[in-house]
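Enquirer: coordinates for the following, if possible.
(one chain, ligands or ions: 1)
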Amino acid sequence: MMNTHFHLEQDDEGIAWLHFDMADSSANILSMDTLDALDQALINTAQMHPRGLILLSDKSSGFLAGADIHAFAKVEEPKQAAEQIRKAHRVFSRLENFSFPSVALIHGFCLGGGTELALACTYRIAENDSTRIGLPEVRLGIFPGFGGTARATQAMGSIAAMGMMLTGRAYRAKPAKRIGLVDLVVPQRQLRNAASQMLRNPPPPRRPPWWNRLIEMTPARQALAEWFRYQVAKKAKPEHYPAPYRLIDHWRRTVGDFDAMLESETRNVSELICGDTTQSLIRAFLLRERMKAIGKQSPFEAAHVHVVGGGVMGGDIAAWCALRGLRVTLQDQSHQQLRRAIGRAHKLFRRRLRDHRLVMEAFDRLIPDVRAAGVAHADVIVEAIFEDTEAKQALYAELEPRMRADALLATNTSSIPLETLAEKLADPTRLVGLHFFNPVAKMMLVEIVHGQATHDEVAANAAAFARQIGKLPLPVKSSPGFLVNRMLMPYLLEAVALYEQGVPGTVIDSAATDFGMPMGPIELADTVGLDICLHVAGKLAEAFPMSLPKTLRHQVDAGRLGKKSGEGFYVWKEGRAQKPAMEKNWRGQPEKQRELSDRMILRMLNEAVACLREGVVTDADLLDAGAIYGTGFAPFRGGPMHYIRNRGLHSIEQRLNELEKRHGEQFHADSGWHALA
Ligand code: NAI
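Expert: Below you'll find the predicted structure:
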């Protein structure tokens, strides 16, 4: 039996094999369409009266990547969402209530709706190496709604299940077995056998330890809910991210009563999905997908990368590329710098790969190369030497004649125009910017800088390369500060100006985190390095009217560079800022806080509008993408342009005028606001 997305067969032992292979898609996704097809396939399965059912995926990417997030973005009212959720409940219950046992055979991605589907099976078997299983819904501002909360608590117990759902973490196979999410972990070659074997002698389904029931039945439940809230509050504020709090409430009220849990899932998730937070988080997700797609516009693929400059950036870029499977040669004029870079790479490999063999393999791929032997073979050359025009131009004069004709020449410059750098190249069309952010391993975004001469194909290849190493490519025009630093700097400078005017760093930082920034600007400046902030701000001030607070220079002159020197605006101990408690007169003053956050955020918004007007990025969506993934702009606000639309263009413009009257021309509204209106 076949339908568009499923095919069903029965083997000699009477076991039904239901293969999920979604049409026209590289991954299986749970949409209304595939859900209907699944329902039909399950009806057909029941008619076969099999001995048992094995549900598996024919996609190499994995079992099921999750629900259709594009459809989430189109939901207009809770009623519509509730209907879809109820339908999923019906289909999954059909599977769960079969008179014969069922096994979900899991490999690769099994996320969200995929995990909920697997939980509706009697057993779950996971492939050892590729499996990534979990319920990441809270990261999109909802919680599992296709029976996941009811079945996960039932199968795993409340503590393990809530831990998984509240963090949204994806587990590898073995940890998933440890928490009771899967029953068996086997290598690829034994998957099918293990499933048949399980159906031949079905063991009693796994149940969580007895004390879980006790927790659910007694007042301990209330105490546990408080503990969950306490843990969540360390990470997210309820007014910014309501979903985990709603999940805790939902659990507290309904756990242990399966039908009540399904009903409460329907109500809560359908309400959450239509809320601003969820819609903004979905937007952030889709923007990320868009950047990924930009990286797919060229088939370019690199095998060998040569990095010149083994300092903070070059060293870490080289390590990252080796981690992602590329052969890397790393050139620096200083042996000592190379040694340091290799030391940092080792730490990264150990942290990310864990397995000794994989760490050694990554190490073998990273080759120190003082003599620049790699230049002639590399598919990509990334230059990350000192920020000095002449040094860079002199280097290119050595590189260009030795490079392969089809190799990519990329610079990591953060402030020198590509046009200047390309001046002495025989072929200036081949130079492109690949602007990574510090720390390289953490920051997903890479700006793909298009100079006036840069060939479109070169830029597309650079984007494909960024994607190949798992980063998000954002095309930007070569103009001072590109997009991210340009938007970030006025915000940081306003924070430093406030500091100069006597507002304590902790107060400034908490105004920004209350708005939803992941880290306050004062702490961020210290983390980036005050010398680097001063340098970038200085370069921007050459191009745009912008005054630099004197404090910044004083700090740098005094050697207080921030985290790396042990002191900046804060004193730093063991990598943490020592923040004094907030003084009384600043506490519980929402008006004052709002004034502070407006002063910082509105300067960023104003700069965003200027960038859009100048065409630094092609459209408002890409600007939001850059802000969310490059500056950390509160994702639940959907990016600066989305925030502007939500809060109201005119009210922000008015507020800018008001701030200009009170604090000066740094708040002068950009002419781009009119075009937006
Ligand atoms: P860094 O000073 O840590 O490292 C520069 C390295 O280049 C040094 O190890 C030096 O020995 C080496 N070097 C200099 N001239 C060389 C030559 N001719 N041949 C071989 N090696 C040479 O500098 P950092 O911070 O890594 O910056 C590098 C580039 O990345 C700059 O263009 C900078 O603007 C850019 N950048 C820096 C960021 C940061 O946060 N530090 C962020 C984004 C971009």
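
Enquirer: residue of the stretch 451-600 of the chain closest to the ligand, please.
Expert: Ile532 (5.2 Å; CB to the nearest ligand atom). In short, each C-beta sits where N, CA and C put it, glycine included.

Enquirer: what is the burial count for that residue?
Expert: Ile532 is flanked by 19 other residues according to other CB atoms under 10 Å.

Enquirer: quick check: the residue of the stretch 301-450 of the chain nearest the ligand.
Expert: Gly311 (1.8 Å).

Enquirer: is that residue in contact with Gln337, as I believe?
Expert: Yes: assessed by CB atoms under 8 Å, Gly311 is found in contact with Gln337 at 6.1 Å.

Enquirer: quick one: the strands in the stretch 151-300 of the chain?
Expert: 170-171, 184-186 (DSSP state E, counting those that start in this stretch).

Enquirer: other SSEs contacting the shortest one?
Expert: For strand 170-171, the elements it packs on are strand 132-134, judged by 3 or more CB pairs under 8 Å, 6 or more residues apart in numbering; DSSP states H and E.

Enquirer: the strand it packs on: how far from the chain's middle?
Expert: 16 Å (CA atoms, centre = their mean, to the nearest Å).

Enquirer: thought Ser31 was touching Ala65?
Expert: No: under the criterion of CB under 8 Å, Ser31 makes no contact with Ala65, lying 11.2 Å away.

Enquirer: these two: who's more crowded?
Expert: Ala65 (25 against 19).

Enquirer: in three-state terms, label the nearest residue to the more buried one once chain neighbours are set aside for me.
Expert: In space, and not counting its chain neighbours, Ala65 is closest to Ala27: 4.3 Å by CB to CB, 6 or more residues apart in numbering. What DSSP: H, G, I helix; E, B strand; the rest coil gives for Ala27 is coil.

Enquirer: look at Ala27 and say how many residues are nearby.
Expert: 17.

Enquirer: measure the nearest residue to Gly141 once chain neighbours are set aside to Ala243 for me?
Expert: Leaving aside its sequence neighbours, Gly141 sits nearest to Thr278 (CB to CB, 6+ apart; 3.4 Å). Remark: distance between Thr278 and Ala243 (CB to CB, to the nearest Å) = 7 Å.

Enquirer: for the two, indicate the residue with more neighbours.
Expert: Neighbours per residue (other CB under 10 Å) separate Thr278 from Ala243, with Ala243 holding more: 28 against 24.

Enquirer: identify the residues contacting that one.
Expert: By CB atoms under 8 Å, 6 or more residues apart in numbering, the residues touching Ala243 are Glu137, Val138, Gly141, Ile142, Phe143, Leu272, Thr277, Thr278.

Enquirer: by mean pLDDT, flag the weakest helix or strand of the protein.
Expert: Ranking every helix and strand in the chain by mean pLDDT, DSSP states H and E puts helix 211-217 at the bottom, with a mean of 83.

Enquirer: hang on, the earlier thing: so which of the strands of the stretch 151-300 of the chain comes closest to the ligand?
Expert: strand 170-171 (29.4 Å).

Enquirer: what's in contact with that closest one?
Expert: Residues outside strand 170-171 that contact it (CB under 8 Å, 6+ apart) are Leu111, Thr131, Arg132, Ile133, Gly134, Pro136, Met164, Ile179, Leu181.

Enquirer: residues contacting the fifth one?
Expert: The neighbours of Gly134, taking CB under 8 Å, 6+ apart as the test, are Cys110, Leu111, Thr115, Met164, Gly168, Arg169, Ala170, Tyr171.

Enquirer: rewinding a little: among the strands of the stretch 151-300 of the chain, which comes closest to Leu498?
Expert: Proximity to Leu498, assessed across the strands of the stretch 151-300 of the chain by CB to CB, is greatest for strand 170-171 (39.7 Å).

Enquirer: for the closest one, what is the distance to the chain centroid?
Expert: For strand 170-171, the distance to the chain centre is 15 Å (CA atoms, centre = their mean).

Enquirer: just the CA atoms of stretch 270-279, as CSV, please.
Expert: What follows is stretch 270-279, C-alpha atoms only, in CSV (Å, rounded to 0.1, in the frame of the first residue of the first chain):
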residue,chain,number,x,y,z
SER,A,270,-3.3,27.3,20.6
GLU,A,271,-3.3,30.5,22.7
LEU,A,272,0.5,30.6,22.9
ILE,A,273,1.0,30.1,19.1
CYS,A,274,-1.0,33.3,18.3
GLY,A,275,0.9,35.4,20.8
ASP,A,276,3.5,38.0,19.9
THR,A,277,6.4,36.1,21.4
THR,A,278,5.8,33.0,19.5
GLN,A,279,5.1,34.8,16.2
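
Enquirer: and that stretch, what's buried?
Expert: Ser270, Glu271, Leu272, Ile273, Cys274, Gly275, Thr277, Thr278, Gln279 (16 or more other CB atoms under 10 Å).

Enquirer: my read: the third one touches Leu140, true?
Expert: No: using CB under 8 Å, Leu272 makes no contact with Leu140, being 9.3 Å away.

Enquirer: what's the overlap in contacts for those two?
Expert: Common neighbours of Leu272 and Leu140 (CB under 8 Å, 6+ apart) are Thr278.

Enquirer: which neighbours do Thr278 and Ala243 share?
Expert: In contact with both Thr278 and Ala243: Gly141, Ile142, Leu272, using CB under 8 Å, 6+ apart.

Enquirer: check the stretch 101-250 of the chain for the residue nearest the ligand and tell me.
Expert: For the stretch 101-250 of the chain and the ligand, the shortest gap (CB to the nearest ligand atom) falls at Lys235, measuring 26.4 Å.

Enquirer: phi and psi next, for that residue.
Expert: Phi and psi for Lys235, reported as degrees, to the nearest 10, are phi -110, psi -30.

Enquirer: tell me, how many residues neighbour it?
Expert: Neighbour number of Lys235 under other CB under 10 Å is 10.

Enquirer: then the one 3 residues further on?
Expert: Other residues near Pro238 number 13, with proximity taken as other CB under 10 Å.

Enquirer: skipping its backbone neighbours, what lies nearest it in space?
Expert: Using CB to CB, 6+ apart, the nearest residue to Pro238 is Tyr245, at 4.7 Å.

Enquirer: same check on Gln593?
Expert: According to CB to CB, 6+ apart, the nearest residue to Gln593 is Ala511 (4.9 Å).

Enquirer: packing partners of the helix or strand containing that neighbour?
Expert: Assigned by DSSP states H and E, Ala511 falls within helix 505-515. If contacts are counted by 3+ CB pairs under 8 Å, 6+ apart, helix 505-515 sits against helix 484-500, helix 521-528, helix 590-614.

Enquirer: many thanks, have a good one.
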